[in-house]
Structure formats: structure tokens, C-alpha cells
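Student: Provided below for reference: sequence and predicted model.
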Amino acid sequence: MYDYIIIGGGSAGCVLANRLSKDAKNTVLLLEAGPKDNHPMIHMPGGCAEVLKSNKLNWKFESTAQKHLGGVKYEIPRGRTLGGSSSANGMVYIRGHSTDYDDWAAAGNEGWAYQDVLPYFRRFEDQVRGSDDFHGAGGELFVGEAPSDNPLFDIFINAGVEIGIPANNDFNGAEQEGIGRFQATIKDGKRWSSAAAFLTPIMDRPNLTVQCNANVDNIILEGNKAVGVAYTLKKKKIEVRANKEIVIAAGTIKSPHILQLSGIGDEADLKAAGIACKIKLPGVGKNLQEHLDIIMRYAINEPLSLNGIDKFPHNVKVAWDYFVHKKGVGSFNNIEGGGFIKTKPELTRPDVQLHFVPCNMTGLTDGLPKQHGVTVHACNLRPYSKGTIKPLSADPLAKPEVDFNFMSDERDWPIMIDSFRLLRKLMAAKAWNGLVTEEIQPGIQIESDEDIKKALGQTTETVYHPVGTCKMGDDDMAVVDSQLRVHGIEGLRVADASIIPTLIGGNTNAPAMMIGDKCSDMMLKANA
């Protein structure tokens, strides 16, 4: 028996564990499906690809064939360890545009406007630049400068300025629009995940129990009240009870799936999977949104990129520099250049995000090609297309069906085509000074709008920012209210990126931590 049970030790869950256990009178249980975060590649910023290759540390979900993109299937890596996806992500620290949160509030979610959530971002930040109106210092999460000195980042930024994108050295400040370097959650050469920031320092609290390798089977309901959690540990079935509340923080894929396994969701979806419906909540697993990302690769004629560092003897030097000195390529996240741009000047906020990688790469877990080059990305920040997550069976170990339904809304096509053309313009800027020699992917033969449409299935990935499947709101398809309480169920909340009603303009890790922090205050106040 515990006062609070948290399901999921990820970005939001670690913050919840920290805040809820701060008062020694509260007993807190944190359940994490994956192992402890002690794998060395988790903590090495440049080791992200190795983490994603792991069957133990990565859920390795996969989408259904996307019918509007030629049947392509997308990998959906999600962290499965303490820290969750913050133990496997690119460590880019972005909050999103201020108006994103104002949109949430305008849709009926009181208390979620930008001025409401900014204090939470500031509370947990330890901003290397110090505290001001937009940033916090002294919090648990270190936010630092991008550490790489690779000259390709500066050339990329200069190219953007040349084609009319304003320079910006603070995407989380007064103005998001522009091109520059992202800040990162890297401290002293190590990944500063949600676990490193919020959980590891308090693991010795006697009122906090952290149970790893615990796969949640379902929420235990008594009528309309959530009273406990059933989980499996080493093939043993265990039940635990909550005196006060249960909060699901298992992420955008697993949080709705756990609800569905518990008989909470769309009646037709549950019936098709052989699950008895206990609480009708049709929005569970709906409203799935994700950043679809155009990827273009270019060859360069000087050895300035990261190509070759994964081969002997360069890989030996990378390991030596990092594990002995905590320096070098292994201490960088290597996606430090980026920007937020408007595809049309009349827009009130950027609608496309850029990421730049000083490497010719085909995929995060693929070996690097020999040819030196760079990779540029552009994603539609606020897509109209929405997908679903559905259970395929009553088996808690079975993965759910994930259908992004990308490009199902015609309004998404012009933004993607404009983004494609903008990337080409960026890479043709004089700032490259003859360095760029060839468009490797997709190739200069792709020119017309129809060509681009056909090529998108082979030149896109996601940015690993799924949100929305337990959306916050008061409409018929909302899953939680503005206090993150599951509609129609007492004692149960959801607090992670799944509650986001409309996808933010940026990376989603910082917002997930903010959601966990804000939820903890609401829970403590309700149970005072």
C-alpha cells in the first residue's frame, strides 16, 4: 500500500517521483517497465544510436503502413529505462512557442496558458546563462550551450541568415523565429536525463520505492474508482494499492495502451481486441500527432563531417577521449544546429523546424556512409493529420497498433512541399562556398510538386515527438480534464506528452517534464 503510484519512470515520471516524495509523509511507488539507467551508452551523449539499437532500452514500436506515403512504415523508438525517452533522445532543449500553450488554454484548459506554465519551466531549470524573465537557474535540470566546435554548424547558420532567416541564439526566449544553435541537456560531458536530474539524487529517500522491470498489466478498478495497479515482475503477478492517487506517466504510446488494457477506452476498439469495456472513454488512443520530418543529404568535399568516426581507428579515439576525459565527439549530441522558420511571411509564428547534422547519415541506427556530408531536416510543426493507437489483444506484453495516418489531411501537403524547397534553397546558399558537391537524397531529379509528393515516403522519418493520445480537454474526445484527472474515474490521472491536445512547435521533452511538475502540484494540493 502506497499513497501514490506512478506508472512510468520517464521524463514526466521522474519529476513526479521527486516532487511527490519530497514530503516524507507521502509514500511513493514508481514502476518502470525497463531496467535501471546504468548502461554506459545512455550517459554518453554521442551514444544515442547504441541505446536505440537495444531491445532492453527501447520499446521499438513500429507504425502501420502509411497509405498516404506509399505504404512506408516508421520506426517509433521510445525509451524503456529510468529517464524514459530522455535517456535516449537528442538532448535538445526546446519548450515550443509561447502561443502553443495559449492555444491549450483557449480550448478550455484553464491554467495551461504560457504565463501559467512558464513558472514550472523556470522552477526546474538550471540555465547556464542565469535566471531572467524567461529562464530559471538553480533547478534540477541543467540546460547548457551546445558543446561542439564543428565549423559546419556556423556555415549552416550563415547560410540561413543569407537566405533571410534571422539569427537567433535563444529559441526559448522572447522570440522563437530564427536560426542558430540549440541548447542541450548535457552536463560535464554527460546526458542530463530526467532520471539524472530528478531521480538519481533522491533515490535514498526512505518513502520512495523504485521498481524497475515492472510491466504494468492494468489499473485495478472498483466501480469508477482506481484503487491499484497490477504488474508483472519476473513472471510473477503483483498487485499494489494506492491510498491517494495513481498517475500514469508511461508516454504517448503506452499510457493509452495501459488504459485500454484496463478496459478504459473506445468500446469498439476494446471489443476488437477481446477486452471487456469497463469505462467508455472514446478518446483514448485517438488524436495522435507527430512531427513528420523531411530528410535531405548532401555530399561535401572536405573531411569536416562525422563520417568515418564509427570506423577503426577513429572509433577508438572517440572512446578514449570520452571515457577517459569526457571530451570529444562522444560528449556532443551532434544535432546542435537548427531553426524555426515561417513558410509564409504573413504567419504569426514559425510553422517549420530545422535540424542540422554534420554528417551524411541514412538512419540513427545505421552505419555511417564513407562519403563525407551533411544532413538537413525540416518538419511541419503543427500537422493537421491525426492518427490512432489501438490494442491488438488483451495481452499486456503485446505491442499496440500505431497508425500516424500521416498526410491524410490535404492541408499538410503544401507545408511539406514548401519545406522541401526551402531546404534546397538553404543548401544552395553562397555561404557553403563550394563545399557542397551533390544532393545525395533525394536527388536533383526530384523537382515538381508531384515528384516531391511521391518522394516523401522515402525521404521522411518522424522526429520522435508523438503526443495527444490522452488529450486534455472537456469535449467528448478528451481523456483528462485540466487537472489531468481521467474523465469519469476517481483517483486516476495521466501526466506526460499524451495529454497534449495540440502538438507544440518544437521538441517535446521539456514540455513532458513541465507536465509532470505541474501535475505534482495539482496532486499535492488535492490531497493536502
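Tutor: Received it, and whenever you're ready, just let me know what you need. Residues are numbered from 1 along each chain as shown.

Student: Need the CA coordinates for the longest helix along the chain. PDB is fine.
Tutor: As assigned by DSSP state H, the longest helix anywhere in the chain is helix 509-526. Output of helix 509-526 as PDB, limited to C-alpha atoms (Å, rounded to 0.1, in the frame of the first residue of the first chain):
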ATOM      1  CA  ASN A 509      10.900  16.500 -23.900                       C
ATOM      2  CA  ALA A 510      10.900  19.800 -21.900                       C
ATOM      3  CA  PRO A 511       7.100  20.100 -22.100                       C
ATOM      4  CA  ALA A 512       6.800  16.500 -20.800                       C
ATOM      5  CA  MET A 513       8.800  17.400 -17.700                       C
ATOM      6  CA  MET A 514       6.800  20.600 -17.200                       C
ATOM      7  CA  ILE A 515       3.600  18.500 -17.400                       C
ATOM      8  CA  GLY A 516       4.900  16.100 -14.700                       C
ATOM      9  CA  ASP A 517       6.000  19.100 -12.500                       C
ATOM     10  CA  LYS A 518       2.600  20.900 -12.800                       C
ATOM     11  CA  CYS A 519       0.700  17.700 -12.200                       C
ATOM     12  CA  SER A 520       2.600  17.100  -9.000                       C
ATOM     13  CA  ASP A 521       1.400  20.400  -7.600                       C
ATOM     14  CA  MET A 522      -2.200  19.600  -8.500                       C
ATOM     15  CA  MET A 523      -2.000  16.200  -6.800                       C
ATOM     16  CA  LEU A 524      -0.400  17.500  -3.600                       C
ATOM     17  CA  LYS A 525      -2.900  20.300  -3.400                       C
ATOM     18  CA  ALA A 526      -5.800  17.900  -3.900                       C
END
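
Student: from now on call the first residue 43
Tutor: With 43 as the first residue, the last one maps to helix 551-568.

Student: what mean pLDDT does it have?
Tutor: Across helix 551-568, the average pLDDT comes to 98.

Student: Go through it and flag the buried ones.
Tutor: 551-562, 564-566 (16 or more other Cβ atoms under 10 Å). Any C-beta I mention is one placed from the backbone N, CA and C, and that applies to glycine too.

Student: out of the residues you listed, who's nearest residue 225?
Tutor: Of all those, residue 225 sits closest to residue 552, with 10.1 Å by Cβ to Cβ.

Student: Around the residue nearest to that closest one when sequence neighbours are not counted, how many other residues sit close by?
Tutor: Nearest residue to residue 552 in three dimensions, chain neighbours excluded: residue 137, at 5.0 Å (Cβ to Cβ, 6 or more residues apart in numbering). A count of nearby residues for residue 137, using other Cβ atoms under 10 Å, gives 25.

Student: now swap in the one 5 residues further on and tell me
Tutor: If you count neighbours by other Cβ under 10 Å, residue 142 ends up with 23.

Student: can you check residue 530 too?
Tutor: For residue 530, the neighbour count with other Cβ under 10 Å is 12.

Student: Run the chain-centre distance for the longest helix of the chain.
Tutor: 16 Å (Cα atoms, centre = their mean, to the nearest Å).

Student: So which elements touch that helix?
Tutor: Where contact means 3 or more Cβ pairs under 8 Å, 6 or more residues apart in numbering; DSSP states H and E, helix 551-568 is packed against helix 53-62, helix 156-166, strand 278-290, strand 534-536.

Student: Any idea what the residue nearest to residue 251 when sequence neighbours are not counted is bridged to?
Tutor: Leaving aside its sequence neighbours, residue 251 sits nearest to residue 71 (Cβ to Cβ, 6+ apart; 4.9 Å). Legend: beta-bridge partners of residue 71 under DSSP bridges are residue 47, residue 251.

Student: does residue 71 really touch residue 254, like I thought?
Tutor: No. Applying Cβ atoms under 8 Å, one finds residue 71 not in contact with residue 254, separated by 12.0 Å.

Student: More neighbours: which of those two?
Tutor: residue 71 (23 against 16).

Student: For the stretch 43-192 of the chain, give me the ranges with low pLDDT.
Tutor: Across the stretch 43-192 of the chain, nothing is flagged by pLDDT under 70.

Student: got the residue ranges for the strands in it?
Tutor: Assigned by DSSP state E, counting those that start in this stretch, the strands in the stretch 43-192 of the chain fall at 44-49, 70-73, 103-104, 117-118, 167-169, 183-185.

Student: and which of the buried residues of helix 551-568 is nearest to residue 183?
Tutor: Distance to residue 183 across the buried residues of helix 551-568 (Cβ to Cβ) is lowest for residue 555, with 6.8 Å.

Student: contacting residues around that closest one?
Tutor: 53, 54, 57, 128, 166, 183, 236, 240 (Cβ atoms under 8 Å, 6 or more residues apart in numbering).

Student: what sits against the second one?
Tutor: Contacts for residue 54 (Cβ under 8 Å, 6+ apart) come out as 236, 291, 537, 538, 539, 554, 555, 557, 558, 561.

Student: isn't the second one right next to residue 541, touching?
Tutor: The one in question is residue 291. No. Judged on Cβ under 8 Å, residue 291 makes no contact with residue 541 at a distance of 9.9 Å.

Student: Where do the helices of the stretch 343-492 of the chain begin and end?
Tutor: 356-367, 454-469, 491-497 (DSSP state H, counting those that start in this stretch).

Student: and if you look at the stretch 193-342 of the chain?
Tutor: So, for the stretch 193-342 of the chain - with DSSP H, counting those that start in this stretch - the helices run 193-204, 236, 293-303, 309-314.

Student: Arrange those in CSV, one row each, with distance to residue 160, mean pLDDT and mean neighbour count as further columns.
Tutor: CSV is the format used below for the helices of the stretch 193-342 of the chain (distance: least, Cβ to Cβ, whole Å; pLDDT from 0 to 100; neighbours: other Cβ atoms under 10 Å):
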stretch, distance to residue 160, mean pLDDT, mean neighbour count
helix 193-204, 27, 98, 20
helix 236, 19, 98, 33
helix 293-303, 23, 98, 28
helix 309-314, 37, 98, 16
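
Student: how about these, which one is nearest residue 61?
Tutor: Nearest of the helices of the stretch 193-342 of the chain (Cβ to Cβ): helix 236, 12.3 Å.

Student: mind checking how far the closest one is from the chain centre?
Tutor: 12 Å.

Student: Show me what it is packed up against.
Tutor: Against helix 236 (3+ Cβ pairs under 8 Å, 6+ apart) you get helix 53-62.

Student: Show me how far the helix it packs on is from its chain's centre.
Tutor: Using Cα atoms, centre = their mean, the offset of helix 53-62 from its chain centre is 16 Å.
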